[in-house]
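Enquirer: Make a model of this:
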Amino acid sequence: MEWLAKLFTKYPEMGVYLAVGIGYLIGRVKFRGVGLGAVTGSLLGGLLIGNFFRVPVSDQAKSMMFLLFLFGIGYSLGPSFFQNLKGDGWRWAVLGAFVPVIGLITAYTVAHFLKLDPGYAAGLLSGSLTESPAIGTASEAIRSLSLPEEQKQLWISHIAVADAICYIFGTLGVIWCCSSLGPRLLRFDLRAESKKVEANLGMQRSKLGVYSAWQPIGFRAYAIPEGGLVVGKTVGEAELSIPGARLFVERIRRKGDIFFPVGTTVIEANDTVAVLGRTEIMIKALGPSTHEVADPELLTIPVASFDLYITSKTIAGKTLQEIVDRVENARGVLLRGITRGGQKIPIGTNTVIRRGDTLHVTGSEAAIEKLAPLVGRVIHPTEESDLAVLGIAIFIGVLVGATLIIPLGGLRIALGTSVGTLLAGVIVGWMRSVRPWFAIIPDGAVLFMRSIGLAAFVAMIGLKSGPIFVQAVKEYGYILFLGGIVVTLVPLIAGLFFGRYVLGLNPALLLGGIAGAQTMIAGVAAVQEKSDSPVAALGYSYTAAIGHIFLTTWGTIIVSLMT
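Expert: Numbering: from 1, shown residues only. Reported below is the predicted structural model:
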């Protein structure tokens, strides 16, 4: 293996990419739907390779990858971060801050009790609270200390060791607390409460699961027989014959002629109608005697499936029902889904649309083009990223982070280049929600920045920490694991009681909220599985942005507190 060791020494990039590849393979392994994820997998991959081979990794390379990740995650969180501070969202914002603050206090208390050095303390925090970016901010804080280089590198290695040990229960603890322990402590029936939330949102259930009549299918052509349910009705009456449903008569063939009807057009027997909507709703509205026909000429209607980015004040804050009732141009457009902060949220008539949401819609191209200016902008597919804004924003973030000092009691804490870059990303992301044509970076590019940036960074941390990993686990493994259990559970349980009895939040949504405050999407998935309902994702969407920013910053804070 000496030849391979020489290759790793000469070409350290080989080790980095191998660790990332191993990490993603580890991330795919799941037991009962639960896994470590690609980031922790990359850390373990780096530790494994670093334990057997010396791979010289550049600190500058680590920093560049981490800053790329931080800007990407800030860019994604910007719209929802500021939006959630408005209106009734302040309660969720408080929860999103409360859980991380309790987590920091608990991590510091446990680390002080166990007499851990700053590196182990930071890893205890990042792993137990499942926030891997804190590894980077803590590493930067340690590198800025006035200590011998060997001591700094040792403490940075300790971060990776503690994070790997504590992350295991960090993940399982959030899942268990949100899906099982939380409902028991708050003494409520998770399934029953979730159904109540669904009812309040105007969602409907079928035997096959939760669905909404607001979700579209497509165009169909139907022949209207003698005595059909809609014969003699106007198009407007036919479209409203099923309460809460969304279907539209777009074209009619009558005696060989095709025309576009208006709301007052009366449907006659032997008409053939082109209808947009869900198939089962079409049949219910038109009657069982109605049958589908093949009429390509009638169905030659330009159909579009676009994403609409919400910026309009007339739309933001309104329910879907209010939008349909008040916005005339909503006719002919059906909603396929809503994405908020990167997460899909449940759809119902009372679902509130917020600024920064993305609506996935289908309808005639003309109908969508009429609606788009009233709600925001159409997100057109693009392959180009605004690298000018990205580069300048990261430069400014690093500059501010390197020069800004925050007094905290008797401490003077540098903001840090990583936190500065995160905040720069948040601001740019928010600015794009106000001006959607500004700083366009495709979702795929943002996802790549976030994925490769953090995975490569933690892989490089693991490569440097590999030589001490086994010995450190032998000495501190069980201590860190037990301490991590405390750090994981205390903020979750405190958040449950605080959110329910102080903030008065709905318990079903609260479970998603505390998972978001600890940025663990697997916790939401577990709640959705237990409740057989998607509503917990709403709570997660409120708190995740604030949780990410606070927990990432804690890497800097805990190093300052421990030194």
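Enquirer: Show me which helix runs longest in the chain.
Expert: helix 443-497 (DSSP state H).
Enquirer: ok now it, how far from the chain's centre?
Expert: Counting by C-alpha atoms, centre = their mean, to the nearest Å, helix 443-497 is centred 19 Å from the centre of its parent chain.
Enquirer: go on, stretch 252-269?
Expert: Relative to the centre of its chain, stretch 252-269 is centred 45 Å away, using C-alpha atoms, centre = their mean.
Enquirer: Could you pull out the buried residues of that stretch?
Expert: 252-254, 261, 265, 267 (16 or more other C-beta atoms under 10 Å). All C-beta spots, glycine's among them, are computed from the backbone N, C-alpha and C.
Enquirer: What about the residues you listed, which are in strands?
Expert: Judged by DSSP state E, strands contain the following of these: 252-254.
Enquirer: In this protein, what helix or strand scores lowest on average pLDDT?
Expert: Using mean pLDDT, DSSP states H and E, strand 209-211 stands out as the lowest-scoring helix or strand of the chain, at a mean of 40.
Enquirer: Could you look up the next helix or strand downstream of it?
Expert: Counting by DSSP states H and E, the next helix or strand C-terminal to strand 209-211 is strand 218-223.
Enquirer: Which neighbouring elements make contact with that next one?
Expert: Contact partners of strand 218-223 among helices and strands, from 3 or more C-beta pairs under 8 Å, 6 or more residues apart in numbering; DSSP states H and E: strand 272-277, helix 279-286, strand 291-292.
Enquirer: Of those, which shows the lowest average pLDDT?
Expert: If you rank the helices and strands packed on strand 218-223 by mean pLDDT, helix 279-286 sits at the bottom with a mean of 65.
Enquirer: thinking again about what came up before, and of the buried residues of stretch 252-269, the nearest to residue 161?
Expert: Checking the buried residues of stretch 252-269 against residue 161 by C-beta to C-beta gives residue 261 as the nearest, at 70.1 Å.
Enquirer: The closest one reaches residue 251, doesn't it?
Expert: Yes - Residue 261 is within contact range of residue 251, at 7.4 Å (criterion: C-beta atoms under 8 Å).
Enquirer: Relative to residue 113, how far out is residue 275?
Expert: In this view, residue 275 and residue 113 are 68 Å apart by C-beta to C-beta, to the nearest Å.
Enquirer: These two - which one has more neighbours?
Expert: When neighbours are counted by other C-beta atoms under 10 Å, residue 275 and residue 113 differ, and residue 275 comes out ahead with 24 against 10.
Enquirer: Quickly note the distance from the more buried one to residue 60.
Expert: Taking C-beta to C-beta, one finds residue 275 at 61 Å from residue 60.
Enquirer: Please list all residues in contact with residue 559.
Expert: Applying C-beta atoms under 8 Å, 6 or more residues apart in numbering to residue 559 gives the contacts 118, 121-122, 138, 141-142, 145.
Enquirer: which among the residues you listed end up buried?
Expert: Applying 16+ other C-beta under 10 Å to the contacts of residue 559, the neighbour count classes 118, 121-122, 138, 141-142 as buried.
Enquirer: can you list these in a markdown table and add secondary structure and pLDDT?
Expert: Formatted as a markdown table, the buried ones among the contacts of residue 559 follow (DSSP: H, G, I helix; E, B strand; the rest coil; pLDDT from 0 to 100):
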| residue | secondary structure | pLDDT |
| --- | --- | --- |
| 118 | helix | 94 |
| 121 | helix | 95 |
| 122 | helix | 95 |
| 138 | helix | 92 |
| 141 | helix | 89 |
| 142 | helix | 92 |
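Enquirer: Quick one: mean pLDDT for the helix or strand harbouring residue 430?
Expert: Element membership for residue 430, per DSSP H and E: helix 417-434. Averaged across helix 417-434, pLDDT comes to 84.
Enquirer: Alpha carbons of it, as PDB, please.
Expert: What follows is helix 417-434, C-alpha atoms only, in PDB (Å, rounded to 0.1, in the frame of the first residue of the first chain):
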ATOM      1  CA  THR A 417     -15.700  35.000   8.000                       C
ATOM      2  CA  SER A 418     -18.000  32.000   7.900                       C
ATOM      3  CA  VAL A 419     -20.900  33.700   9.700                       C
ATOM      4  CA  GLY A 420     -20.400  36.800   7.600                       C
ATOM      5  CA  THR A 421     -20.700  34.800   4.400                       C
ATOM      6  CA  LEU A 422     -23.800  33.100   5.800                       C
ATOM      7  CA  LEU A 423     -25.500  36.400   6.500                       C
ATOM      8  CA  ALA A 424     -24.400  37.700   3.000                       C
ATOM      9  CA  GLY A 425     -26.200  34.700   1.500                       C
ATOM     10  CA  VAL A 426     -29.300  35.400   3.500                       C
ATOM     11  CA  ILE A 427     -29.400  39.100   2.400                       C
ATOM     12  CA  VAL A 428     -28.800  38.200  -1.300                       C
ATOM     13  CA  GLY A 429     -31.500  35.500  -1.100                       C
ATOM     14  CA  TRP A 430     -33.900  38.000   0.500                       C
ATOM     15  CA  MET A 431     -33.100  40.600  -2.100                       C
ATOM     16  CA  ARG A 432     -33.900  38.200  -4.800                       C
ATOM     17  CA  SER A 433     -37.300  37.500  -3.200                       C
ATOM     18  CA  VAL A 434     -38.000  41.200  -3.600                       C
END
